[in-house]
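Participant: Fold the following.
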Amino acid sequence: MKQTILCSVLIAALVLACKNKENKQVQQDNITPVVNADGTRISFPNKAGLTSFQTEMVSTSTLMADITAPAKVSATVIRSSEGASGNIVLFDNPELSGNYTQLLQHLTMINQIQNINIRQRKTELSRIQDLQEHGAATGKDLLESQSALSMEETNLINERSAIIEHETKLKAGGFEPRELRQAPAGTTYIICDIPESEINKVKQGSKCTIRFTAFPNDNFTGRIDDIADLVDETTRMIKLRVTINNSDGRLKAGMFGTVAFGLSEGNSMSINKDALITIQGKNYVFVKTGTSLFERREVSPGDQIGDRIIIYDGLKNGEQVAVRGVMQLKGLSFGY
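Facilitator: Below you'll find the predicted structure:
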């Protein structure tokens with residue numbers, strides 16, 4: 001009788017142990033993520049496994065980089081009311097104004113010497129040489145004519161040399177002399193300084209947005225015309241020149257504003273930089289396609305603007321993309 005009871009107890013204990021083992025196995029199976037054969041789909045049977053993940057909704061919007069810089073209207077181009085051949089450039093800096101004025105004067109002198117004086121001297125020299133050959137001019141006449149031509153050629157060299165100083169000062173101020181002379185009326189130039197460490201975030205030819213103190217509710221769109229070749233040794237800043245259309249004449253030389261760089265070309269679809277992973281030269285994100293399901297998706301990224309990355313292909317508006325727990329999904333998807 002005792003042996004029968006003992007056997008029954010042992011059997012019951014064995015059955016209970018087996019059930020506990022099965023329950024533990026079932027519980028373990030309910031926690032373990034399920035990954036399909038090629039790693040493109042990851043599901044979490046137990047919702048508790050989703051607590052370490054966070055997603056954001058993909059949407060199309062206008063992107064603005066987090067780079068801003070104080071700016072100033074440094075020059076405006078207006079039409080001459082006196083009918084002069086060139087437009088007037090008004091600078092906020094009197095020294096630059098003087099440099100530009102003297103530059104124009106030297107260029108006028110160069111044109112005078114090169115196209116009128118030297119041509120006349122060459123014509124006179126040719127005539128004297130012809131007269132001398134026919135005995136109508138002396139060697140002294142020929143020498144004087146040659147000296148006159150040589151003097152004009154020396155004057156031309158001196159005028160060209162004098163230009164260099166003024167061109168250098170204008171370029172140090174952020175201006176390109178040739179572009180200033182060719183700029184149409186209604187052009188406004190904005191000069192701003194950005195740190196040397198952030199120069200890689202801006203590109204010549206890209207757009208930017210400027211907001212002026214005088215017009216706090218208006219955004220003006222400009223274009224980066226030039227990035228200076230010189231770094232200020234004291235401040236480690238680099239000058240940028242931005243051009244704005246000021247055909248309505250609202251902007252005046254000396255006005256202050258703020259430039260924000262990195263405006264994308266129109267509205268763009270973008271994701272947080274933490275959502276993107278790169279494996280063997282290909283770029284992926286993980287899209288949440290169900291309550292407990294993530295799908296690996298290859299995408300075509302563009303430029304990074306601030307902490308956002310433009311996406312050209314692979315996603316649709318309204319989809320949810322993982323931005324936290326991405327490395328865990330990467331390990332499950334690729335097996336490392």
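Participant: which neighbours does the helix or strand harbouring residue 323 have in its sheet, and in what orientation?
Facilitator: In the assignment (DSSP states H and E), residue 323 maps to strand 320-324. For strand 320-324, the pairing partners within the sheet under DSSP bridges are strand 54-57 (antiparallel), strand 282-290 (antiparallel).
Participant: What segments of the stretch 1-150 of the chain are strands?
Facilitator: Using DSSP state E, counting those that start in this stretch, the strands of the stretch 1-150 of the chain run over 34-35, 41-43, 54-57, 59-61, 67-78, 88-91.
Participant: how is the protein carved up into domains?
Facilitator: 32-61+267-334, 64-93+184-263, 94-172 (automatic domain parsing).
Participant: Make a markdown table from those domains and add distance to residue 178 and mean pLDDT to it.
Facilitator: Glycine gets a C-beta too; all of them are placed from N, C-alpha and C. Shown next, in a markdown table, are those (distance: least, Cβ to Cβ, whole Å; pLDDT from 0 to 100):
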| stretch | distance to residue 178 | mean pLDDT |
| --- | --- | --- |
| domain 32-61+267-334 | 30 | 90 |
| domain 64-93+184-263 | 11 | 87 |
| domain 94-172 | 9 | 92 |
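Participant: could you redo the ones you listed as CSV and give each row mean neighbour count?
Facilitator: Below are the domains of the chain laid out as CSV (neighbours: other Cβ atoms under 10 Å):
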stretch, mean neighbour count
domain 32-61+267-334, 16
domain 64-93+184-263, 16
domain 94-172, 15
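Participant: Give me the next element, helix or strand, following the helix ranked longest in the chain.
Facilitator: When the chain is parsed with DSSP state H, its longest helix is helix 139-172. Scanning forward in sequence from helix 139-172 by DSSP H and E, the next helix or strand is helix 177-182.
Participant: Summarise which helices and strands that next one is packed against.
Facilitator: Applying 3 or more Cβ pairs under 8 Å, 6 or more residues apart in numbering; DSSP states H and E, we find helix 177-182 packed against helix 94-112, helix 139-172.
Participant: what about those, which gets the closest to residue 234?
Facilitator: Ranking those by proximity to residue 234 (Cβ to Cβ) places helix 139-172 first, at 13.5 Å.
Participant: Out of the strands paired with strand 320-324, which gets nearest to residue 259?
Facilitator: Short answer: strand 54-57, nearest of those by Cβ to Cβ, at 28.4 Å.
Participant: Using CSV, write out every CA atom in the closest one.
Facilitator: Output of strand 54-57 as CSV, limited to C-alpha atoms (Å, rounded to 0.1, in the frame of the first residue of the first chain):
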residue,chain,number,x,y,z
GLN,A,54,10.2,53.9,-30.6
THR,A,55,9.0,55.0,-34.1
GLU,A,56,8.2,58.2,-35.9
MET,A,57,5.8,58.9,-38.7
